[in-house]
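**Q** pasted the sequence and its predicted model underneath.
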Amino acid sequence: MTNKDLEKLIASGESDQLEFKSSFGKEAVETLCAFANSEGGQVLVGVSDTGQITGLNLSGETLQGWLNQIKQSTTPSLLPDISVSEVAAEKIVTIEKLKTDTYQSRARNKLVAEAFYLTKDIEKYGSGYIRVREEIKSYPTMRFDYEESGDGYLVSLGYSQQKTATTPKATPKATPKTKERLLELIKKNNQITREELSQRLGIGINGVKQQILKLKKEGILERVGDNRTGFWKVKGRGRRFSWSL
């Protein structure tokens, strides 16, 4: 059937021997049974009730799958003639339709589409835009734009606002009381490590090292022996002191 014959048939509207179905399913099989039990007829799948061509996304296995479903659902088994008519893509898919979740897609190169499907590079046909829109819902600044380009269309993703980097958590700063607490901890355990001091004081290792260095310069703290077997020695026990960063 040529495109002109198809358009003419659709323009004639539904009748006792012609029905439109936007998709193939149980209703289409029931209609075929009704036609088989009367004078026969035709079912145009991919056409809405109002006569608008919505199109279908067909793979190499689609038609055989329909035939199997019809055969298994009817007794005695019904084997209708099935043919495919291709209609220009601009009559089926528009930019406005692509923005909805009810659009009907059409593969421009069925051989390439079938190859991608067989190699499992795509999961299924016709749901890509729907799934992309669903995925970016958690990104409120992301745009999914459509525009016509020549005899096709261009789709782009973009941000209206770039993601901002997370500000690193600042290391707690030492206070004048930190010096006093550090000396108290050393007096209680003169073999305490810098790591243990860091945990107990709530400051970083570098902060502990700076505190110890200043105490050494002030002549208040001294390290006796090496880092593994040595110990801390606090000098000037009777002194009162104040200190600030």
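**A** All right, it came through fine. Numbering: from 1, shown residues only.
**Q** so what's residue 154 closest to, chain neighbours aside?
**A** Leaving aside its chain neighbours, residue 154 sits nearest to residue 147 (5.2 Å; criterion: Cβ to Cβ, 6 or more residues apart in numbering). Backbone N, C-alpha and C define where each C-beta goes, glycine included.
**Q** how much space between the one you found and residue 156?
**A** To residue 156, residue 147 is 8 Å away according to Cβ to Cβ, to the nearest Å.
**Q** pull out the buried positions in stretch 45-61.
**A** Of the residues in stretch 45-61, 45, 46, 47, 53, 54, 55, 56, 57, 58, 59 count as buried by neighbour count, 16 or more other Cβ atoms under 10 Å.
**Q** hang on, the earlier thing: part of a strand, is the residue nearest to residue 154?
**A** Yes. Checked against DSSP: H, G, I helix; E, B strand; the rest coil, residue 147 lies within a strand.
**Q** ok, then the element right after the helix or strand bottoming out on mean pLDDT in the chain?
**A** Taking mean pLDDT, DSSP states H and E as the measure, the chain has helix 95-98 as its least confident helix or strand, at a mean of 66. Toward the C-terminus, helix 95-98 is succeeded by helix 110-118 as the next helix or strand (DSSP states H and E).
**Q** any idea how far that next one is from the middle of the chain?
**A** With Cα atoms, centre = their mean, to the nearest Å as the basis, helix 110-118 stands 23 Å off its chain's centre.
**Q** please export the C-alpha coordinates of the very next helix or strand once past that helix as PDB.
**A** Next helix or strand after helix 110-118 toward the C-terminus (DSSP H and E): helix 128-135. Output of helix 128-135 as PDB, limited to C-alpha atoms (Å, rounded to 0.1, in the frame of the first residue of the first chain):
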ATOM      1  CA  GLY A 128      15.100   7.500  25.500                       C
ATOM      2  CA  TYR A 129      13.700  11.000  26.000                       C
ATOM      3  CA  ILE A 130      11.300   9.800  28.700                       C
ATOM      4  CA  ARG A 131      14.100   8.200  30.600                       C
ATOM      5  CA  VAL A 132      16.400  11.200  30.300                       C
ATOM      6  CA  ARG A 133      13.700  13.500  31.600                       C
ATOM      7  CA  GLU A 134      13.200  11.200  34.500                       C
ATOM      8  CA  GLU A 135      16.900  11.000  35.400                       C
END
